[in-house]
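Predicted structure and sequence below. I'll ask about it afterward.
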Amino acid sequence: MIALSDAQAYVLDRCERLAASDARVASSLGLVLAAPVLSGEAIPSFDNTAMDGFAVRSADTAGAPVDLTIVGTIPAGVAADFAVGSGQAARIMTGAPIPDGADAVVMVERTELIDDDTVRVEIAVDAANHVRRAGDDISPGELVFAENEVISPGHIGVLASLGCESVSAYRRPTVAVMSTGDELREGSATLAPGQIRDSNRPTLLALLKRMGINGVDLGLIADTEEDIEAAMHDGVSRCDAIISSGGVSMGDYDYVKVVLDRIGDMRWMQVAIKPAKPLAFGTVGGVPVFGLPGNPVSSMVSFELFAKPALHKMMGNLQSAPVTQPARAVSSLRRHADGKIHFMRVVATLGDDGVFEVESAGGQGSHQLLAMARANALAVVPDGEGIAEGGVVDIIMI
Ligand code: AMP
Ligand code: MG
């Protein structure tokens, strides 16, 4: 068996960041910027009001309460074609440009309408009161985002504000997914004895989707070297990575590792973890291929520990390793010593003191997918007898 960290390092070393290209901002969520973004303009681009109210000359309000003559109304989106003179005020809506002559805004709640043409201002205000200055969010030429920042919904908003329609970002990988196994079927049709339904492919495609990656479904592949080889070549010809499940254990029909050994630069690893001990990882024509174990929980855990960090690295994400944090076991997480780290499926809830509290999500067999579905975290239980009730354990949120 090899250490998890060695296996992870081996995989990461062989997955390169993809090339940068121009990405449409609207579809750039989760991508990593390949170049800094500089602002071409000021945001806001003009002085405007933060409140609904009246634009005034602040000096006029010194002796408040004071009655001012209303000279017009300025909705958002309209530049006034009049100025506010001494003794005057303009009705103004949030976001509208401050008219010439005015230097402050009195919020509507601090005014009283005397008649159609007259407003009483109840308070004295300073210059710039409720005025959002041009450039007070972003100034022209400012470094808005640095290279390697991950594009979040907020980034997309800023880029939209600046009128950027595309950015330079590392390419999102296209990832092929296949399931191997003669016993596998899909859909609602009645199963013959011994057959089961394929759960790994839909799960892995969903895990990819959650990362913002559209998987290419290569379908169900029979347990023959020819079929597996053809599917691998198909995937390599049109994708940046391949994820298969099944066929990497010690069984007689485990042909995935046989094929990868022949057509690729492959390493078959027995990783000191449970579940997901077997992993076939290699490259075929330079394209990374993840041969994940077939057991449904194992394939998911293997995805979290190996494929996900590797795909993050390919997308240019500098922080690609799974993040662990300490949690408290509210009931014991028992195991036996076997030289492996166990990744137990747990439900984590935030305790009163801000520390996560975890308990088993259910059956811990590598075929027991229900507990994996219920779990929101994996507890990293080191070799030994496990964690006693109240003990501290690292978790990875999934
Ligand atoms: P294997 O790694 O091919 O020996 O498969 C290990 C176990 O996982 C066997 O019980 C398989 O039937 C099961 N298995 C393999 N692939 C899938 C799949 N795509 N969906 C559900 N179970 C699977
Ligand atoms: Mg199989």
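Looks like it arrived, so ask away. Residues are numbered from 1 along each chain as shown. Ligands and ions are numbered 1, 2, ... in the order given.

Can you name the residues of the stretch 151-300 of the chain sitting close to ligand 2?
Applying the criterion Cβ under 5 Å from the ion, the portion of the stretch 151-300 of the chain that neighbours ligand 2 consists of 181, 246-247, 294. Any C-beta I mention is one placed from the backbone N, CA and C, and that applies to glycine too.

Just among the residues you listed, which is most surrounded?
Counting neighbours by other Cβ atoms under 10 Å, Gly246 comes out on top of those with 29 neighbours.

Tell me the confidence at it?
Confidence per residue is given as pLDDT, and for Gly246 that number is 96.

do the same with Asp252
With respect to pLDDT, Asp252 scores 87.

That one: how many residues sit nearby?
Residue neighbour count, defined by other Cβ under 10 Å, stands at 6 for Asp252.

ok, for the residue of the stretch 51-200 of the chain found nearest ligand 2, nearest residue in space, not its chain neighbours?
The stretch 51-200 of the chain approaches ligand 2 most closely through Gly181 (3.9 Å), counting by Cβ to the ion. Of all residues not flanking Gly181 in the chain, Gly246 sits nearest, at 4.6 Å (Cβ to Cβ, 6 or more residues apart in numbering).

related to what we said a few turns ago, and the residue of the stretch 51-200 of the chain closest to ligand 2, backbone torsions?
Dihedral pair for Gly181: phi 150, psi 120, per degrees, to the nearest 10.

which one is Leu33 nearest to, not counting chain neighbours?
In this structure, Leu33 finds its nearest non-sequential neighbour in Glu149, 5.1 Å apart by Cβ to Cβ, 6+ apart.

Look up which helix or strand Ile228 falls in, please.
According to DSSP states H and E, Ile228 maps onto helix 225-238.

Whether that helix contacts ligand 1 - can you check?
No. For helix 225-238, no contact with ligand 1 is found by Cβ under 6 Å from any ligand atom; the gap never falls below 11.3 Å.

which helices and strands does that helix pack with?
Helices and strands in packing contact with helix 225-238 are listed as strand 175-180, strand 215-221, strand 241-245, helix 255-263, strand 278-284, strand 287-292; criterion 3 or more Cβ pairs under 8 Å, 6 or more residues apart in numbering; DSSP states H and E.

orientation of that helix relative to strand 215-221 in degrees?
Taking axes from the mean of the first three to the mean of the last three Cα atoms, to 10 degrees, helix 225-238 and strand 215-221 form an angle of 170 degrees between their directions.

And the contacts of helix 225-238?
Contacts to helix 225-238, defined as Cβ atoms under 8 Å, 6 or more residues apart in numbering, come from residues 174, 176, 178, 180, 216, 218-219, 221, 242, 244, 247, 255-256, 258-260, 262-264, 284-285, 287, 289.

Check stretch 276-285 too.
For stretch 276-285, contacts defined as Cβ under 8 Å, 6+ apart pick out 1, 7, 10-11, 14, 232-233, 236, 242, 248-250, 256-257, 260, 263-271, 288-293, 297-299, 301-302, 305-306, 340, 343, 366.

Let me know the average pLDDT across that stretch.
Here stretch 276-285 scores 97 as its mean pLDDT.

ditto for stretch 117-129
Throughout stretch 117-129, pLDDT has a mean value of 98.

hmm, back to that, so how far is Lys277 from the residue of the stretch 51-200 of the chain closest to ligand 2?
Remark: distance between Gly181 and Lys277 (Cβ to Cβ, to the nearest Å) = 18 Å.

Please apply the same query to Asp47.
Taking Cβ to Cβ as the measure, Asp47 and Lys277 are separated by 65 Å.

Repeat that for Val323.
Counting by Cβ to Cβ, the gap from Val323 to Lys277 is 23 Å.

Setting the sequence-adjacent residues aside, check what's closest to Pro382.
Leaving out its chain neighbours, Pro382 is closest to Ile341 (Cβ to Cβ, 6+ apart), at 5.9 Å.

before we move on, the earlier item: got a list of what the residue nearest to Gly181 touches?
Applying Cβ under 8 Å, 6+ apart, one finds that Gly246 lies in contact with 179-181, 184, 200, 254, 256, 293-294.

Next up, phi/psi of the one residue in the chain that gets nearest to ligand 1, please.
Closest approach between the chain and ligand 1, counting by Cβ to the nearest ligand atom: Gly294, at 2.5 Å. Per-residue torsions, Gly294: phi -80, psi -30 (degrees, to the nearest 10).

for the one 4 residues further on, same thing?
Per-residue torsions, Ser298: phi -60, psi -40 (degrees, to the nearest 10).

Tell me, how many residues neighbour the nearest residue to Asn317 once chain neighbours are set aside?
Counting by Cβ to Cβ, 6+ apart, Asn317 lies nearest to Val32, which is 5.4 Å off, once chain neighbours are set aside. For Val32, the number of neighbouring residues by other Cβ under 10 Å comes to 23.

Isn't the residue of the chain closest to ligand 1 up against Met178?
No. The pair formed by Gly294 and Met178 falls short of the contact definition of Cβ atoms under 8 Å, at 11.7 Å.

Residues that sit against both of these two, list them.
With Cβ under 8 Å, 6+ apart as the test, Gly294 and Met178 both reach Ser245.

mind checking the backbone torsions on the closest residue to ligand 2 within the stretch 201-350 of the chain?
With distances taken as Cβ to the ion, the stretch 201-350 of the chain approaches ligand 2 most closely at Gly246, which sits 3.9 Å away. Dihedral pair for Gly246: phi 90, psi 160, per degrees, to the nearest 10.
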